[in-house]
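Asker: Generate coordinates for the sequence data below:
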Amino acid sequence: MSFTLTRSTATVAAAVLAVAGFATACNRGSETAGTSAAKKPAIGIDLPRSDSDFWNSYAQYLKKDIKADGVNNLPLSNSQNDITKLVANVQVFENTGAKAIVMAPQDTGAIASTLDTLASKKIPVVSVDTRPDKGDVYMVVRADNKAYGTKACQYLGKQLGGKGKVAEFQGALDSINGRDRSEAFASCMKTDFPKIKVFELPTDWKGDVASAKLQSLLAQHPDLNGIYMQAGGVFLQPTLALLKQKGLLKPAGTAGHITIISNDGIPQEFDAIRKGEIDATVSQPADLYAKYALYYAEAAAAGKTFQPGATDHDSTIITIPNGLEDQLPAPLVTKANVDDKTLWGNNIG
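Answerer: Okay, the predicted model is just below:
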C-alpha cells in the first residue's frame, strides 16, 4: 500500500498545524480508561487507513483493547494511506508528549527519515503489519508475509493439479508486504508448479485497479482458473462483483469454478468461503496486531527490552536489520475450519 512523497515541506508543516489544532481541541480522557491510565506514559497511535475491512477491524480491536487495558493514549489519528499525513500526525504526537508511537506505514521506504528523527528523540516506534525498509524500530508486530505467498501458491497449485492460469493481485511493490508476498508466490510457483502460468497484476492495494485489470485479463484469457488476492479487505468485493457480472462466480466444486485464495481473514472472506465463492484465505491476525502493538508500545515506554526467540504467545521474535520483529501466527482457512471460533474473523461484528 503506497503513497509517493512528493509534497513540499510547507505542505507537511500546514498539515502538522491542522492536526495539532485538532489534537489540542480533543479531550484525551475520551480515549482513556480513567485516571489510572493517565498515570501511564502517553502512547501515540496512528491508524493507517479506513478504506479496508481488515484495517477497520484492527481499529475496532485497538479501541477495545485501549479501553480494557487502560492505555494512556493520545487522540487516535488516521493517516489515510498518505505518508505526508503520517509524518504530520507523528509530529503532533512528539509535540504532545508521546513516550512511544504505534504506526503502520503503508510506504515502508518513505518513513525512514521520520524514524530517524524519533530515534534521535528517544521515542520508540512499534510498526504494525509493515516493516520499514530503514530506520530504527523497537518492534515490528507482523506475520510472516513470505509464508502468505507460499501458502497461497501451495494451495492453488494443488487445487489446480499443477496446471492452469492464475491471476495474482499484487499489493504495492514499494511495500515490504507486497514484495514479500509477491516474491514468495513467484518463487514457489516457478519451483513447484512450473506448468501454471501466473499473470502478475500490480494494484497498489486498490480494489478498482484489480477489478479493471482482471476484466482485461479475462477478455484475453477466458480460461483463467485461479486467482490469488494479496488483500481480501480491498480486493474481495470488487472481484466477486465482476465475476458475478460475467457469470463466472460458480460455486466451489462445480464446473467453471475459479479457485480463489486470499489474505486477511476478514468476516466477509469467511462468508464467501461458506458460500463457495472463494476457497481459502490466510488469516492475518488483526486482533493480535492490536493486542501486541499496545503491549510492546507500553513496554517500550517503560524501558523494557526483548530478545530473539520463542514467545509465550505462540510466535517468534526475530532480528531484522533495524530492530526486532514478532512474527505472529497466520493460519490457512478453508471450508474445513472456517467456523473455528478461535479465528478472529468469527469474533468481530
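
Asker: which stretches of the protein have low pLDDT?
Answerer: Scanning the chain for pLDDT under 70 picks out 1-38, 349.

Asker: repeat that with 90
Answerer: 1-39, 52-53, 106-109, 172-177, 348-349 (pLDDT under 90).

Asker: Check it and tell me which residue is nearest its centre.
Answerer: Nearest residue to the geometric centre of the chain (CA atoms, centre = their mean): residue 129, 4.9 Å.

Asker: thinking that residue is in contact with residue 142, fair?
Answerer: Yes. Contact status for residue 129 versus residue 142: in contact at 5.5 Å, counting by CB atoms under 8 Å. Glycine gets a C-beta too; all of them are placed from N, C-alpha and C.

Asker: how does this protein divide into domains?
Answerer: With domains defined by automatic domain parsing, the chain comprises 9-143+286-329, 145-284+335-346.

Asker: residues contacting the residue nearest to the centre of the chain?
Answerer: When the contact criterion is CB atoms under 8 Å, 6 or more residues apart in numbering, the partners of residue 129 are 48, 104, 141, 142, 143, 177, 284, 289.

Asker: Quick check: of the residues you listed, which lies closest to residue 61?
Answerer: Proximity of the contacts of residue 129 to residue 61, judged by CB to CB, is greatest for residue 289, which lies at 7.5 Å.

Asker: burial count for that closest one?
Answerer: By the measure other CB atoms under 10 Å, the count of residues near residue 289 is 25.

Asker: Could you do residue 324 as well?
Answerer: A total of 17 residues lie near residue 324 under the criterion other CB under 10 Å.

Asker: And for residue 101?
Answerer: Residues within reach of residue 101, counting by other CB under 10 Å, total 27.

Asker: Next, the closest residue in space to it that isn't next to it in sequence: phi, psi?
Answerer: Spatial nearest neighbour of residue 101, chain neighbours left out: residue 44 (4.4 Å); criterion: CB to CB, 6 or more residues apart in numbering. According to degrees, to the nearest 10, the main-chain angles of residue 44 amount to phi -90, psi 130.

Asker: Pull the number of nearby residues for residue 44.
Answerer: The number of residues packed around residue 44, counting by other CB under 10 Å, is 27.

Asker: Could you pull out the strands in the chain for me?
Answerer: Assigned by DSSP state E, the chain shows strands spanning 43-47, 77-78, 100-103, 125-128, 139-143, 164-170, 196-202, 226-229, 259-264, 280-283, 309-310, 316-320, 323-328, 332-333.

Asker: from the chain's centre, how far out does the fourth one sit?
Answerer: Taking the mean of its C-alpha atoms, strand 125-128 sits 12 Å from the chain's own mean (CA atoms, centre = their mean, to the nearest Å).

Asker: repeat for the third one
Answerer: Offset of strand 100-103 from its chain centre (CA atoms, centre = their mean): 16 Å.

Asker: Tell me the strands beside that strand, with direction?
Answerer: Strands adjacent to strand 100-103 in the sheet, as given by DSSP bridges, are strand 43-47 (parallel), strand 125-128 (parallel).

Asker: What lies in contact with the shortest one?
Answerer: Strand 125-128 is contacted from outside by 48, 58, 100-105, 115, 118, 136-142, 289, 293, 296-297, 300, using CB under 8 Å, 6+ apart.

Asker: Next, count neighbours for residue 109.
Answerer: Here the number of neighbours of residue 109 (other CB under 10 Å) works out to 17.

Asker: can you tell me which residues contact the nearest residue to it once chain neighbours are set aside?
Answerer: With sequence-adjacent residues excluded and distances taken as CB to CB, 6+ apart, residue 109 is closest to residue 133, at 4.7 Å. Listed by CB under 8 Å, 6+ apart, the contact partners of residue 133 are 108, 109, 112, 176.
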